[in-house]
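Undergrad: just coords:
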C-alpha cells in the first residue's frame, strides 16, 4: 500500500491535535508494547494509552495501567484476572479476560489507533475486528499478514483503513514510498543483520542453545522474534508480509545481509534509483513514526554519526545453512495456505526450542515436515486459514510428543 505525497519543503508545520491521539496497545507487556508506552509517556500532549492488553503478565499490566490510566485492560489468561481486577477496578478501569475479550476491546469505540503488537497468530482476530470498526492500525504483528494477508489487506482497502507498518524494515519501505505513488517499484530489498550466528555453519549450530540464540547483536526484542532472527525465519516472514503490505509479486522481494543494521531496507524503482531509510537500530523510531503518521515529531533518540561510522557491508544470505529463509520463500511463492502452515509450525518449533525440547537445527526439520503434511489449499477462506493453523500446530506438536 503506497502512500501519498510528502509534505512540501518550507511549508508551515502542522499544528498539534487539540486532543491527544488515543492509542490501544494490543500486547502492551511485550517488547514492542513496552517501547510504545515509552513513546506515549514521552509525548503526553500527542498520545494517551486508552486500551492495554496482555496475555499473562498480570503484574506488569497492572503497573502499566496504574501509570497510564486506560479506560480498559484485557488479561487473556484468566488466572490473572482476579489480581488485575482487584488492583484496577477501584481506579475505574474496566477489566476483561479471555481471548474473546481481545476482539471485544478491538471493537470498542474509545480509541483512535490500534498498535497491534500481539505476538504470533493470536493477533489476527483483533486486527480484523479493528478493520471492521474502521480503526487505523499500526501493525507490529507480521503474522497477521503472513497467515491471511490477502483477506486482511482486501478488507483494509475496502474499508479504507490505513495500515502503517511498525517493523523497522517495512517502516523503512513505507517511508521510502512517500511521494512515489505513481512510480513503479522494480524491487524492494529487505536488510537482515544475520542474527547472532552470522557466518556460522551447521557443525556450530547443532550445539546452539537458547541462551546463545537470545543474544541478538543489534536489536532488543522479545524472545520469539529474537529466535526467528537467529534462524532467519524472521526475514522470511517479513518477505511474506511485504508481499501483501505493498502489493508486490514475490519475485520483486529480495533479502540482503547487512550486519550493521543501519540501512533498514531499500526500494529500487524502475529507473534503477534506490531509496534507503537509515538510522541507528532502535524500535522506538518506527513506533513513533507509526503513531504520529503523517507527521514526524522530535525526539532525543541517539543519532547516527557519519563521521564515526564504519564500513557498511552487504552480502547474500546463506540459505543452505539457514534453511528457514528458503522454506519461507517457498511458501511465499506457493501462496494459498502454505504461509499459514509455515507460521504455525514455526511458532510450535520456537516454543519447543525455548523450552529445551528441540535443537536449533531441528526447528527447520519440524517446519519442513509440517509443510509437507498439511494439505495445500490454493484459495483458502478465512475458516480454511484457521483450520490449517490448527492442523499444522497439532502435527508439529506431535513431532515433539507435546
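TA: Yep, it's here. Note that this is a predicted model, so its numbers are computed, not measured. Numbering: from 1, shown residues only.

Undergrad: could you check how far stretch 376-391 is from the centre of its chain?
TA: Mean-position distance between stretch 376-391 and its chain equals 21 Å (Cα atoms, centre = their mean, to the nearest Å).

Undergrad: got the contact list for it?
TA: By Cβ atoms under 8 Å, 6 or more residues apart in numbering, the surrounding residues in contact with stretch 376-391 are 121, 147-148, 151, 334-338, 340-341, 343-344, 374. Just so you know, the C-beta spots here come from the backbone N, C-alpha and C atoms, and that holds for glycine as well.

Undergrad: all helices of the stretch 301-402 of the chain, in order?
TA: Taking DSSP state H, counting those that start in this stretch as the criterion, the stretch 301-402 of the chain contains helices spanning 323-334, 338-354, 362-373, 382-398.

Undergrad: ugh, wrong one, I meant the stretch 101-250 of the chain
TA: Counting by DSSP H, counting those that start in this stretch, the stretch 101-250 of the chain has these helices, from start to end: 124-132, 143-158, 168-176, 202-205, 210-213, 223-231, 233-245.

Undergrad: name the helices or strands packed onto the first one?
TA: Just to be clear, that refers to helix 124-132. In this structure, helix 124-132 makes packing contacts with helix 99-106, strand 113-116, strand 137-139, helix 143-158, judged by 3 or more Cβ pairs under 8 Å, 6 or more residues apart in numbering; DSSP states H and E.

Undergrad: same check on the last one?
TA: Identification of packing neighbours for helix 233-245 by 3+ Cβ pairs under 8 Å, 6+ apart yields helix 143-158, strand 163-165, helix 168-176, strand 185-192, helix 223-231, strand 253-257, helix 323-334, helix 338-354.

Undergrad: how close does the closest residue to residue 360 other than its chain neighbours sit to residue 155?
TA: Here the nearest residue to residue 360 in space, its sequence neighbours aside, is residue 208; by Cβ to Cβ, 6 or more residues apart in numbering that works out to 4.1 Å. Going from residue 208 to residue 155 by Cβ to Cβ, to the nearest Å gives 40 Å.

Undergrad: one more: residue 87?
TA: The separation that residue 87 has from residue 155, given Cβ to Cβ, amounts to 36 Å.

Undergrad: more neighbours: which of the two?
TA: Comparing residue 87 with residue 155 by neighbour count (other Cβ atoms under 10 Å), the higher total belongs to residue 87, at 19 against 16.

Undergrad: quick one: contacts for the more buried one?
TA: Residue 87 is in contact with 62, 65, 66, counting by Cβ under 8 Å, 6+ apart.

Undergrad: one step back: mean pLDDT and distance to residue 233 added to the helices and strands packed on helix 124-132, as JSON lines?
TA: Formatted as JSON lines, the entries for the helices and strands packed on helix 124-132 read as follows, by pLDDT from 0 to 100; distance: least, Cβ to Cβ, whole Å:
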{"stretch": "helix 99-106", "mean pLDDT": "96", "distance to residue 233": "25"}
{"stretch": "strand 113-116", "mean pLDDT": "98", "distance to residue 233": "20"}
{"stretch": "strand 137-139", "mean pLDDT": "98", "distance to residue 233": "18"}
{"stretch": "helix 143-158", "mean pLDDT": "96", "distance to residue 233": "10"}
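
Undergrad: could I get those as CSV with distance to residue 80?
TA: Formatted as CSV, the helices and strands packed on helix 124-132 follow (distance: least, Cβ to Cβ, whole Å):
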stretch, distance to residue 80
helix 99-106, 12
strand 113-116, 21
strand 137-139, 26
helix 143-158, 23
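
Undergrad: and the helices and strands packed on helix 233-245, which one's lowest on average pLDDT?
TA: Looking at those, the lowest mean pLDDT belongs to helix 223-231 (a mean of 89).

Undergrad: what's the angle between that one and helix 233-245?
TA: Calculated by axes from the mean of the first three to the mean of the last three Cα atoms, to 10 degrees, helix 223-231 forms an angle of 100 degrees with helix 233-245.

Undergrad: so how far is the helix or strand of the chain with the lowest mean pLDDT off the chain centroid?
TA: Between all helices and strands in the chain, the lowest mean by mean pLDDT, DSSP states H and E belongs to helix 210-213, at a mean of 83. On the basis of Cα atoms, centre = their mean, the separation between the geometric centre of helix 210-213 and that of its chain is 21 Å.

Undergrad: same question for stretch 241-252.
TA: Relative to its parent chain, stretch 241-252 has a centroid offset of 16 Å by Cα atoms, centre = their mean.

Undergrad: run through who's touching that stretch.
TA: Judged by Cβ under 8 Å, 6+ apart, the contacts made with stretch 241-252 from elsewhere in the structure are 1-2, 139, 142, 145-146, 149-150, 152-153, 163, 165, 167, 169-170, 173, 177, 185-188, 190, 239, 253, 329, 332-333.
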